[in-house]
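In: this is the structure alone, sequence omitted:
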Ligand SMILES: *[C@@H]1O[C@H](CO)[C@@H](O)[C@H](O)[C@H]1NC(C)=O
């Protein structure tokens, strides 16, 4: 429950309580107390229901918020030694973990060789919000997840798209992410856990990157959502970029309960291993390099074609709109004439098709 709702709901419960007490004391002057629960219920059923609902909402708020806070802080605590050892700056304005909402915490890291910044997000079930929690029963289940986006320095290793994903959700992820969808193919790897596959643009990329991460990803395979090394955007760009896209490594995993928080450490270790590993190991041959850059040119052509088609469609729409506006501004008489003319046209067309069919 957002803070803005919290104060009014407390005030509402106080007000209802006050009215109950007030009314009860007035009645007291004339009659004895309620004789039975039925009588009490008859008189105050609405108020009792409101009070219980408010009580439930408040309880959920405090218990849920606390649950999420403990989960976020424990997960951060198991990652923190790795972050501290690798980054000069962990967090912003003194807080290592910044709260964005009771179910969303932000991680920010910077100050490391080869790395520009790391943006992370711990996003949990909205446990603090009774209504939203109830609503999530009807939607796709929400998971407690942590995502880390590393923006790497440009030009320190080869371009290319490479990912390790769970076999079960791989196809779905591939269709969701533009870079995976456009540039990669799925393949099985015998050094990976049975539940994982790679999506890769070239086997040379796989050979360079997989040894850096396979063992560690295997150790925590059941928590992995995706591990992606990419020089292309995750979501399809609307317009052509004027400069190269940022090179990034993205890691996303589901979070175990706070008691088992340590289980995700190998995943973060895999990510950290790439910070030096990619600049050292990931340099593909000239042949593959030109293949990769050709794929980007092709994708760019595709995007610009789409952009042009979109522009043409918008222009067409604008023209129709303007025509309609112009018609509206005609005198009623002229409008009637125009309508009659168009009707005639339509009639002729219909007759023609009837004749043809006949
Ligand atoms: C990570 O990057 C993706 C794509 O650029 C973005 O949609 C997502 O919000 C980012 N996540 C975080 C935590 O910064």
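Out: Received, thanks. The model shown is predicted, which means the values in this text are computed figures rather than measured ones. Residues are numbered from 1 along each chain as shown.
In: what pLDDT does residue 273 get?
Out: With respect to pLDDT, residue 273 has a value of 95.
In: give me every residue that touches it.
Out: Residues in contact with residue 273 (CB atoms under 8 Å, 6 or more residues apart in numbering) are 212-213, 216. For glycine as for every other residue, the C-beta is placed from the backbone atoms N, C-alpha and C.
In: quick one: which helix or strand includes it?
Out: Using DSSP states H and E, the element containing residue 273 is helix 265-281.
In: and that helix, how far from the chain's centre?
Out: Relative to its parent chain, helix 265-281 has a centroid offset of 24 Å by CA atoms, centre = their mean, to the nearest Å.
In: spell out whether that helix and the ligand are in contact.
Out: No. Shown here: helix 265-281 not in contact with the ligand (CB under 6 Å from any ligand atom), separated by at least 13.1 Å.
In: buried sites along that helix?
Out: The neighbour-count check on helix 265-281 (16 or more other CB atoms under 10 Å) flags 265-275, 277-279 as buried.
In: for the residue nearest the centre of the chain, phi and psi?
Out: Residue closest to the mean C-alpha point of the chain, counted by CA atoms, centre = their mean, is residue 123 at 9.0 Å. The phi and psi values for residue 123, taken as degrees, to the nearest 10, are phi -120, psi 120.
In: before we move on, what about residue 117?
Out: Note on residue 117: its backbone torsions stand at phi -150, psi 160 [degrees, to the nearest 10].
In: so it touches residue 107, yeah?
Out: No. Taking contacts as CB atoms under 8 Å, residue 117 lies outside contact range of residue 107: 10.8 Å.
In: returning to that earlier point: nearest to the ligand, of the contacts of residue 273?
Out: Closest approach to the ligand among these (CB to the nearest ligand atom): residue 213, at 18.4 Å.
In: what about that closest one, how many residues nearby?
Out: 24 (other CB atoms under 10 Å).
In: so where does it fall, helix or strand?
Out: Per DSSP H and E: helix 203-219 holds residue 213.
In: helices or strands next to the next helix or strand after that helix in the packing?
Out: The helix or strand immediately downstream of helix 203-219 is strand 224-230, counting by DSSP H and E. Under the contact criterion of 3 or more CB pairs under 8 Å, 6 or more residues apart in numbering; DSSP states H and E, strand 224-230 touches strand 162-166, helix 167-176, helix 178-183, helix 203-219, strand 247-254, helix 265-281.
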